[in-house]
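Trainee: Whatever this is, show me its structure:
(one chain, ligands or ions: 2)
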Amino acid sequence: MSDQGLFLTLEGIDGAGKSSHLDALEALFKAQGRTVVRTREPGGTPLAETLRGLILEQPMDPLTESLLVFAARRDHIVQVIEPALARGDVVLCDRFTDATFAYQGAGRGFDLAVLSTLEQWAQAGRAALPASTLLQPHVTLWFDLAPEIAAQRLAGARVPDKFEAQPVEFFRRVAQGYADRASADARRFVRIDASQTREQVWLQIESELTTRGVLAGRGAG
Ligand SMILES: Nc1ncnc2c1ncn2[C@@H]1O[C@H](COP(=O)(O)OP(=O)(O)OP(=O)(O)O)[C@@H](O)[C@H]1O
Ligand SMILES: Cc1cn([C@H]2C[C@H](O)[C@@H](COP(=O)(O)O)O2)c(=O)[nH]c1=O
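Mentor: Ligands and ions are numbered 1, 2, ... in the order given. Here you go, the predicted structure:
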């Protein structure tokens, strides 16, 4: 896998603990001689970061929110993700399309069929793949944590943004949205039990990536 780009995403409800492992993941791949592009959604380009500020802070209806999320994603894919994968880099991305189906779809209750259409539109006419092929991560680490525990972890940790301020019922729906996405694509999703200590969570990540052959020279291939 070392000559090909690797698209690895981290997903989960707010406070599940994904971001706590980005430094170690980056170091792990770099130690294997890989070039790592670390990025996030919404965001990852100047335009997408501007849209992120609106999405995370401004009240808006679910369609507006979805359109902005996909506009940011389009720019991110075209400017950053596809060029990096074409170079053979590891793209380490904090959230991607699964988050839209979990947050805008399951969380907000927005129409999943419309989200699928927007997903196709946001990826139309890209250079690297045939028009019918959607860019998806090769591997998605899904940090699965009960919303009540995530809320406890976030309490007092930082000023909550628009999503983090949502009630626990919202995050129950988002968590179910992730579970549904994981069931529908079990080969891509790696469930991480995020209720464990940071050290135990990291051991799960290393072990899963090794077993799947994602870490060159360490896996079963
Ligand atoms: N395994 C863990 N056990 C206890 N606390 C943790 C654990 N992992 C992370 N935390 C703490 O929980 C809080 C949320 O962690 P982190 O920011 O990594 O979550 P996140 O999933 O990236 O959240 P968000 O998506 O909202 O940015 C932080 O205060 C972090 O220090
Ligand atoms: C990609 C994406 C993200 N969101 C939400 C999920 C989070 O609450 C924020 C991002 O904050 P983080 O601290 O960087 O995780 O945005 C969303 O609602 N829809 C999306 O597609």
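Trainee: if I pick the spatially most central residue of the chain, what's in contact with it?
Mentor: For the chain, Arg95 is the residue whose C-alpha lies nearest the centre (CA atoms, centre = their mean; 1.9 Å). Counting by CB atoms under 8 Å, 6 or more residues apart in numbering, Arg95 makes contact with Thr9, Leu10, Glu11, Arg40, Glu41, Pro42. In this view, the C-beta of every residue, glycine as well, is placed from N, C-alpha and C.
Trainee: Of the residues you listed - the most surrounded one?
Mentor: Neighbour counts for the contacts of Arg95, by other CB atoms under 10 Å, peak at Leu10, which reaches 27 neighbours.
Trainee: which SS state does it fall under?
Mentor: Here Leu10 is recorded as strand under DSSP: H, G, I helix; E, B strand; the rest coil.
Trainee: in the sheet, who's paired with it?
Mentor: For Leu10, the beta-bridge partners are Asp94, Leu141 (DSSP bridges).
Trainee: Quick check, it in contact with Lys18.
Mentor: Yes: counting by CB atoms under 8 Å, Lys18 is a contact partner of Leu10 at 4.0 Å.
Trainee: Give the residues shared as contacts by the two.
Mentor: Asp94, Leu141, Phe143.
Trainee: buried subset of the residues you listed?
Mentor: Listed as buried from the shared contacts of Leu10 and Lys18 are Asp94, Leu141, Phe143; burial here means 16 or more other CB atoms under 10 Å.
Trainee: Dump those residues to JSON lines, plus distance to ligand 2.
Mentor: Formatted as JSON lines, the buried ones among the shared contacts of Leu10 and Lys18 follow (distance: CB to the nearest ligand atom, whole Å):
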{"residue": "Asp94", "distance to ligand 2": "6"}
{"residue": "Leu141", "distance to ligand 2": "14"}
{"residue": "Phe143", "distance to ligand 2": "11"}
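Trainee: before we move on, the earlier item: need phi/psi at the residue nearest to the centre of the chain.
Mentor: phi 80, psi 150 (degrees, to the nearest 10).
Trainee: and the gap between the nearest residue to Gln79 once chain neighbours are set aside and ligand 2?
Mentor: Leaving aside its sequence neighbours, Gln79 sits nearest to Thr45 (CB to CB, 6 or more residues apart in numbering; 4.7 Å). Going from Thr45 to ligand 2 by CB to the nearest ligand atom, to the nearest Å gives 13 Å.
Trainee: My guess is Thr45 contacts Arg74. True?
Mentor: No: taking contacts as CB under 8 Å, Thr45 lies outside contact range of Arg74: 9.9 Å.
Trainee: shared neighbours of these two, which are they?
Mentor: Counting by CB under 8 Å, 6+ apart, nothing touches both Thr45 and Arg74.
Trainee: With just CA atoms, put stretch 137-157 into PDB.
Mentor: What follows is stretch 137-157, C-alpha atoms only, in PDB (Å, rounded to 0.1, in the frame of the first residue of the first chain):
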ATOM      1  CA  PRO A 137     -12.100   6.800   2.600                       C
ATOM      2  CA  HIS A 138     -10.100   3.600   2.400                       C
ATOM      3  CA  VAL A 139     -10.500   3.200   6.200                       C
ATOM      4  CA  THR A 140     -12.700   5.000   8.700                       C
ATOM      5  CA  LEU A 141     -11.900   4.900  12.400                       C
ATOM      6  CA  TRP A 142     -15.300   5.200  14.100                       C
ATOM      7  CA  PHE A 143     -14.900   6.300  17.700                       C
ATOM      8  CA  ASP A 144     -18.000   4.900  19.300                       C
ATOM      9  CA  LEU A 145     -18.900   6.400  22.700                       C
ATOM     10  CA  ALA A 146     -22.200   6.900  24.600                       C
ATOM     11  CA  PRO A 147     -23.400  10.500  24.200                       C
ATOM     12  CA  GLU A 148     -23.600  10.900  28.000                       C
ATOM     13  CA  ILE A 149     -19.900  10.100  28.400                       C
ATOM     14  CA  ALA A 150     -18.900  12.400  25.500                       C
ATOM     15  CA  ALA A 151     -20.900  15.200  27.100                       C
ATOM     16  CA  GLN A 152     -19.100  14.700  30.400                       C
ATOM     17  CA  ARG A 153     -15.800  14.800  28.700                       C
ATOM     18  CA  LEU A 154     -16.600  18.000  26.900                       C
ATOM     19  CA  ALA A 155     -18.100  19.800  29.900                       C
ATOM     20  CA  GLY A 156     -15.800  22.600  30.800                       C
ATOM     21  CA  ALA A 157     -13.200  21.500  28.300                       C
END
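Trainee: I appreciate the help and will end here.
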